[in-house]
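Chemist: sequence and predicted structure, then a few things I'm wondering about:
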Amino acid sequence: MLSLFANRDPMAKIFSTMTVLNTKPAPKMAEFSSMGPNIITPDIIKPDITAPGVNILAAWPTSTIIATKENFDYNIISGTSMSCPHVSAIAAIIKSRHASWSPSAIKSAMMTTATVLDNTGSPITYPNGSRASAFSYGSGHVNPITALDPGLIYDFDFNDIIDYLCGNGARPKQLQQLIGHPVTCKNPPIAIYNLNYPSIGVANMSGSISVHRTVTYYGKGPTVYIANVEHPKGVKVFVTPDKLKFRNNGEKMSFRVDFMPHKNRNEALMFVFGALTWDNGIHRVRSPIALNLTKV
């Protein structure tokens, strides 16, 4: 820089832009990304998933006037508004392949097949090299190829959502105003962490709890899925049954996940993370776990 100021006639060169491929490590989490925990519903891990969202080059509506007051056919911007089109397009591709799948099934396919590793095989990090967590990337970085063939699906329907809202404190009259017909909440209400979601989150966990899930098999021929657990710090995890034997496409099976905090723990650890993965040797169906441990 000093030489430029010293030279009365400095020269500069502008080169053509080029795309650099196979950058490693990638992806990395943006520090401005929308992160967890989920303030509104802490038993649902935030975010669900992550997708490319930094310096995205894409078509730009010519009617949009930006600060330069000029119109462009293309623009480069960053943010979750750039990640969303990636995920929306992948959802559309999945729907075209599996026309009968519900929105929750499509979401499950993307979440359970996402990756938490970068292209070097190491855990996804921030630009400064520190390790990211489920509160950064949710289930991981979306993979459109594996999402087309997830193996197992966590599905839920209208009635499950009603149970979830009731468990979250909504009153029958409020729900009636929302959906247009009378609603009856179960008594006692179903715990909101038992919504059949592709991730497992539990807020304010001061003792042992059990979480229930049901998966639907999408595949050809008999298969056996075996449970593998990445244990959250300070918590024992037991899955019952730990083997799911399927015979036919569309078959459903339920299982229970028991979480037991260590008894000798005498301080709050805040959030701890782990994962449950169902593996049949071909498909790996991964669900992140986030537990908010309070003092025992």
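Modeler: Thanks, I have the structure now. Residues are numbered from 1 along each chain as shown.
Chemist: run through the neighbouring helices and strands of the lengthiest helix in the chain.
Modeler: Counting residues, the longest helix in the chain under DSSP state H turns out to be helix 80-97. Judged by 3 or more CB pairs under 8 Å, 6 or more residues apart in numbering; DSSP states H and E, the packing partners of helix 80-97 are strand 56-59, helix 103-112, helix 144-147. C-betas here are computed from N, CA, C, even on glycine.
Chemist: look at A92 and say how many residues are nearby.
Modeler: A92 is flanked by 11 other residues according to other CB atoms under 10 Å.
Chemist: equivalent analysis for S208, please.
Modeler: Residues lying near S208 (other CB under 10 Å) number 13.
Chemist: ok, it - contacts?
Modeler: S208 is in contact with 258-261, counting by CB atoms under 8 Å, 6 or more residues apart in numbering.
Chemist: with G250 instead?
Modeler: Here G250 is in contact with 216-218 (CB under 8 Å, 6+ apart).
Chemist: what subset of the contacts of S208 is buried?
Modeler: 259, 261 (16 or more other CB atoms under 10 Å).
Chemist: can you add distance to F135, pLDDT and secondary structure and give the contacts of S208 back as JSON lines?
Modeler: Supplementary listing: the contacts of S208 in JSON lines, determined by distance: CB to CB, whole Å; pLDDT from 0 to 100; DSSP: H, G, I helix; E, B strand; the rest coil:
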{"residue": "D258", "distance to F135": "23", "pLDDT": "98", "secondary structure": "strand"}
{"residue": "F259", "distance to F135": "18", "pLDDT": "97", "secondary structure": "strand"}
{"residue": "M260", "distance to F135": "23", "pLDDT": "95", "secondary structure": "strand"}
{"residue": "P261", "distance to F135": "20", "pLDDT": "91", "secondary structure": "strand"}
